[in-house]
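In: pasting the sequence and the predicted model now:
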Amino acid sequence: LRRQRQMCIRDRGNNVVDETGTLAVFAELGSSASLASGSRVVDAFALMEGHKGEQSDAPKAYTQCPMLSGLEGHVEQTTWVSLERDQWPPEWEGMYDPVCHLKRALYGHPLAGTCWENVYTDIAVNKCGCIPVLGWECLFYHVQKRVLLSIYVDDFKLAGPEKSVDLMWGELRKSLTLDDPTPFGRYLGCNQNEIQISPEKSKEYLEHIIPIAFKDRVEGGTKWSDIIKSSTSIRAIEYDMREFMCACRDTYLELTGKPASSLKQVPCFGVGDHQLKPENYEITGELSGNASKIIMKILYGARTCKWDLQQSCNSLAREVSKWNNNCDIRLHKLMCWIKCSPELCLQGWIGDSVQNIRMVLYVDADVASDLRTSKSTSGAYVALVGPQTFYPIVSLCKRQGCVSHSSTEVEIIALEHAMRNEAFPLVALW
């Protein structure tokens with residue numbers, strides 16, 4: 001079975017189709033969500049003093065667990081599969097379309113994800129002594145060893161004190177087949193590079209953030225020299241998706257047939273609705289049949305670490321089933337920005353002890369930014385902040401579902417959405 005990722009949209013006949021125009025088939029999947037913000041917290045935990053972070057891959061993960069693992073007594077189901085002719089054992093020769101009993105979870109089976117999740121959860125909790133983090137199905141914490149484990153399908157990330165991390169890998173590998181652990185590197189298509197930044201650079205970046213995040217201490221006369229560590233450098237992680245964004249640019253040029261020289265230097269990537277001609281909304285765009293191929297590719301990068309692209313990319317993603325000429329204009333401007341800003345990467349650094357780090361939520365919203373619907377957009381940003389710490393955890397950009405009548409109403413809706421969906425779950429975690 002080959003792995004596939006499909007993006008489904010609605011065609012003009014309101015049928016759900018994939019990017020090739022074929023009617024989409026939905027599987028009844030039962031595995032839990034693994035949030036990117038959970039993985040980002042593990043990264044931050046790895047940068048604490050005396051800590052390290054490593055990752056590993058579970059080869060052929062699903063087939064490491066028996067079919068219906070953890071579902072005994074709840075699901076009475078036997079699955080039979082047919083094999084390709086070159087996979088037949090000799091005793092099958094002469095048979096017509098033979099089948100065999102599926103004894104191992106196989107990628108593509110509706111219950112395979114659930115079986116694998118049940119197996120690794122049982123191993124992490126009952127054999128390794130971890131406890132599940134409340135509200136975060138993908139995260140596990142070991143109290144004595146003080147290690148934090150993140151599992152996303154077959155990708156394992158572990159952070160904590162150096163000796164404890166080594167011990168935990170050993171316990172996990174007693175029950176699971178895992179590749180040799182390596183320092184954080186390429187994870188879900190994003191390169192995670194550990195770098196160093198100077199205390200002077202950190203102070204420059206945090207100049208306007210510390211007075212807000214630590215207002216009580218600033219007004220109380222706290223001496224920062226008492227809590228700032230004397231260090232020549234601060235450990236940091238840079239999230240780099242330059243190769244991926246270059247692939248997005250190449251896909252765009254291939255689909256449009258335009259030369260690379262058509263992507264000009266631009267100061268920004270946004271195009272306001274007031275800059276577009278109203279009549280162009282009624283003209284079918286050049287990329288109407290291929291828009292999803294490029295938009296969904298960019299959207300993955302935007303949600304992973306290119307947070308500056310979220311608003312523009314989200315607004316275009318809402319138009320894939322009704323693509324028009326103005327969408328072509330906005331997408332081209334976005335691709336110009338992607339080409340001329342490859343050096344912009346997301347960075348986070350930890351230079352303080354846990355006691356001096358706070359979680360900060362930044363919330364903002366615009367009023368009636370969509371001139372056609374008069375709907376507003378909510379924006380939020382969660383980060384860990386300290387005297388020498390700034391670590392971005394998650395960002396969101398979402399159009400509001402209602403039409404607000406004042407900026408106060410817009411801000412309250414944005415705050416409620418950010419608190420409920422991002423801040424409260426992270427408070428339970430951090």
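Out: Yep, it's here. Not measured: the values here are computed from a predicted model.

In: over to the residue of the chain positioned farthest from its centre. Which of the three states is it?
Out: Largest separation from the mean C-alpha position in the chain: Gly94, at 49.6 Å (Cα atoms, centre = their mean). Assigned by DSSP: H, G, I helix; E, B strand; the rest coil, the conformation of Gly94 is coil.

In: can you pull the contacts of it?
Out: Taking Cβ atoms under 8 Å, 6 or more residues apart in numbering as the definition of contact, Gly94 has no neighbours. No exception for glycine: its C-beta is placed from N, CA and C like everyone else's.

In: where do the helices sit along the stretch 201-350 of the chain?
Out: Along the stretch 201-350 of the chain, counting by DSSP state H, counting those that start in this stretch, helices occupy 210-213, 215-219, 242-256, 291-304, 310-317, 325-340.

In: quick one: which of those is nearest Glu137?
Out: Across these, Glu137 has its closest neighbour in helix 291-304 (19.1 Å, Cβ to Cβ).

In: rewinding a little: could you dump the helices of the stretch 201-350 of the chain to TSV with distance to Ala365, mean neighbour count and mean pLDDT?
Out: Putting the helices of the stretch 201-350 of the chain into TSV (distance: least, Cβ to Cβ, whole Å; neighbours: other Cβ atoms under 10 Å; pLDDT from 0 to 100) gives the following:
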stretch	distance to Ala365	mean neighbour count	mean pLDDT
helix 210-213	18	16	82
helix 215-219	22	11	73
helix 242-256	27	17	93
helix 291-304	19	21	92
helix 310-317	11	20	90
helix 325-340	21	20	93
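
In: Glu409: which of the ones you listed is closest?
Out: Nearest to Glu409 among those is helix 310-317 (19.9 Å), distances taken as Cβ to Cβ.

In: show me what that closest one packs onto, helices and strands only.
Out: Counting contacts by 3 or more Cβ pairs under 8 Å, 6 or more residues apart in numbering; DSSP states H and E, helix 310-317 packs against helix 291-304, helix 325-340, strand 389-399.

In: could I get the ones you listed in TSV, plus columns for distance to Lys215?
Out: Below are those laid out as TSV (distance: least, Cβ to Cβ, whole Å):
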stretch	distance to Lys215
helix 291-304	31
helix 325-340	35
strand 389-399	16
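
In: which stretch among the ones you listed comes nearest Glu162?
Out: Closest among these, using Cβ to Cβ: strand 389-399, at 19.9 Å.

In: now the residue nearest in space to the middle of the chain. Its backbone dihedrals?
Out: Nearest to the mean C-alpha position of the chain, by Cα atoms, centre = their mean, lies Ala36 at 3.8 Å. The phi/psi pair for Ala36 (degrees, to the nearest 10) reads phi -60, psi -30.

In: how about the contacts made by the residue nearest to Leu134 when sequence neighbours are not counted?
Out: Nearest residue to Leu134, sequence neighbours excluded (Cβ to Cβ, 6 or more residues apart in numbering): Ala428, at 5.6 Å. Contact analysis of Ala428 by Cβ under 8 Å, 6+ apart lists Val133, Leu134, Gly135.

In: looking at the residue nearest to Lys127 when sequence neighbours are not counted now. What's its pLDDT?
Out: Nearest residue to Lys127, sequence neighbours excluded (Cβ to Cβ, 6+ apart): Ser175, at 5.6 Å. What the model reports for Ser175 is a pLDDT of 94.

In: and Ser175, how many neighbours?
Out: Neighbourhood size, Ser175 [other Cβ atoms under 10 Å]: 16.

In: check His142 too.
Out: Counted by other Cβ under 10 Å, the residues lying close to His142 total 20.

In: please apply the same query to the one 4 residues further on.
Out: Around Arg146 sit 16 other residues, with neighbours defined as other Cβ under 10 Å.

In: same deal with Gly386?
Out: Gly386, neighbours per other Cβ under 10 Å, totals 25.

In: got any ranges where the stretch 151-300 of the chain has weak pLDDT?
Out: For the stretch 151-300 of the chain, the stretches with pLDDT under 70 are 218-231.

In: excluding covalently adjacent residues, which one is nearest to Glu194?
Out: Nearest residue to Glu194, sequence neighbours excluded (Cβ to Cβ, 6+ apart): Ile237, at 5.7 Å.

In: hmm, I was thinking of Ser37
Out: Closest residue to Ser37 apart from its sequence neighbours, by Cβ to Cβ, 6+ apart: Val394 at 4.0 Å.
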